[in-house]
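[1] My questions concern the predicted model and sequence given below.
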Amino acid sequence: MSHGSSPKPLTTRAAGPLTGTIRVPGDKSISHRALMFGALAVGRTTVTGLLESEDVLATAAAMRAVGAKIERQDDGLYVVDGIGLGSLLEPESVIDFGNAGTGVRLTMGIFGTHDIAATFVGDGSLSKRPMGRVLDPLREMGTNVIARSGDRLPASIRGAKQPLPMTYRVPMASAQVKSAVLLAGLNCPGETTVIEPIATRDHTEKMLAGFGAEISVTLNDAGERVIKLKGQPELKPQDLEVPGDPSSAGFPIVAALIVPGSDVTIENILLNEHRTGLITTLIEMGGDIEIVNRRHSGGEEIGDIKVKASQLKGITVPAKRAPSMIDEYPVLAVAAAFASGETHMPGLDELRVKESDRLAAVARGLEANGIPCVEGEDFLTVTGGANNIGGGTVVTHLDHRIAMSFLVLGMASHKPVTADDGAVIATSFPTFTSLFSELGAKVQETPSEAA
Ligand SMILES: O=C(O)C1=C[C@@H](OP(=O)(O)O)[C@@H](O)[C@H](O)C1
Ligand SMILES: C=C(OP(=O)(O)O)C(=O)O
């Protein structure tokens, strides 16, 4: 887990154009859910293309702790022998989720309606993040909770003996909260309803349907998504293929746009409409991005993304697009630094409760590299086109996306850029350095006197 490993500063500097064809690792959201739903099904689920990152491996460990058998074959195929809904064993020790918000919040949902006790811990970042957003609805379903003040980790739960289904309106745009309530609803008798005023990524709904749950999604008169799940299904095992992660793809996409002369193809990327806001935005900014070879697999659209270096222009990103690119704002801010004029990004309140306060971390990182920006309560405005940018050391605050975004900045800035800790990248994109090296980027460990 990253909270145990020592920081590893990394530095990038401008080199020649980035060229070549790569595949980024599997989608993180789908990978967590593949292991969870496989563990809750009766029988053998197989998963190809699983993201083998610290966050996802923490979920594998949690599912093993309640009795699922999860093995990796030599060819990379994961085989999950599920234990079946309602039959979870009580974990014998503390569950350590490291840096993984999705992992811990969805798992709390699953455990919260099983008659078991469990204690969750995480690293310095996860221990600061709000858990009340999932613990509050779980309490209403009958889960007992003891958590640190402010509903932070460490937290212990004792799942409800007689869980109650509920109707829950998600108060913030969060797929994790929606998913935690739905997963708690799996082991409740009767119907659980989640109302989602602002649509977020729908992997839980789609994948649960694939595993044989009775789940419906309709729109009410106010245009809100209403998700109804019938409790206590027998989930049927699946053979899953995890497509490439569009959030990880965001890094080579932006790098190819801003490093002069670049021409990069990223194959096999998930194009779910709730995940493609960054691509839409970069195209609006003038990015030369083409999606080819569109196909369907496992109920999702997938395609290859071809990107060529482009002169970008600043725009205002519609706030309502935020949920479809919520993890991509740090790297968008880097693209904005190379665009002409201002890029205005409103509707970013949720960025304050990610692995770091991403609004503040991005603003400080831009400033450290000579890029003018304004950090508002819930917006960021970046003025692009400054000269002599780069040369800064960015504080990553145990946040993989801050580290990767600023390493991308260093690939195109006048002076090198250092991320004070590159070890955190392993939480979501363990092959970041090797893939960028393949494309011709210079990503290097920082000599200790420079860090
Ligand atoms: O459900 C998911 O897989 C995720 C939901 C999002 O978090 P929120 O629900 O906090 O918006 C996102 O930031 C995270 O990386 C993955
Ligand atoms: C917010 C993220 O992840 P999580 O909430 O799962 O830690 C992310 O990967 O950017």
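    Yes, it's here. Residues are numbered from 1 along each chain as shown. Ligands and ions are numbered 1, 2, ... in the order given.
[2] Residue numbers of the chain in contact with ligand 1?
    Counting by Cβ under 6 Å from any ligand atom, the residues of the chain close to ligand 1 are 29, 102, 174-176, 179, 201, 326-327, 350. For every residue, glycine as well, the C-beta is placed using N, CA and C.
[3] Which of those residues fall within strands?
    Taking DSSP state E, every one of the residues of the chain next to ligand 1 sits outside strands.
[4] Any chance of a markdown table for the residues you listed, columns pLDDT and distance to Asn293?
    Output for these, formatted as a markdown table (pLDDT from 0 to 100; distance: Cβ to Cβ, whole Å):
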| residue | pLDDT | distance to Asn293 |
| --- | --- | --- |
| Ser29 | 98 | 22 |
| Thr102 | 98 | 29 |
| Ser174 | 98 | 32 |
| Ala175 | 98 | 27 |
| Gln176 | 98 | 31 |
| Ser179 | 98 | 30 |
| Arg201 | 98 | 23 |
| Ile326 | 98 | 26 |
| Asp327 | 98 | 24 |
| Glu350 | 98 | 33 |
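[5] which of these come close to ligand 2?
    Within the residues of the chain next to ligand 1, those near ligand 2 by Cβ under 6 Å from any ligand atom are 102, 327.
[6] What subset of the residues of the chain next to ligand 1 is buried?
    Neighbour-count burial (16 or more other Cβ atoms under 10 Å) applied to the residues of the chain next to ligand 1 gives 29, 102, 174-176, 179, 201, 326-327, 350.
[7] among the residues you listed, which are in helices?
    Among these, the residues falling in helices (DSSP state H) are 29, 102, 175-176, 179.
[8] if we can go back for a sec, now the residues of the chain next to ligand 1 in TSV, please, with extra columns for distance to Asp115.
    Shown next, in TSV, are the residues of the chain next to ligand 1 (distance: Cβ to Cβ, whole Å):
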residue	distance to Asp115
Ser29	28
Thr102	24
Ser174	27
Ala175	27
Gln176	24
Ser179	21
Arg201	30
Ile326	34
Asp327	35
Glu350	33
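[9] For Val145, state which of the residues of the chain next to ligand 1 is nearest.
    The closest of these to Val145 turns out to be Gln176 (Cβ to Cβ; 16.6 Å).
[10] Leaving out sequence neighbours, find the closest residue to the closest one.
    Arg105 (4.3 Å; Cβ to Cβ, 6 or more residues apart in numbering).
[11] Repeat that for Leu366.
    Cys373 (4.6 Å).
[12] cool, and Lys236?
    Once flanking residues are discounted, Lys236 sits nearest to Gly212: 4.1 Å by Cβ to Cβ, 6+ apart.
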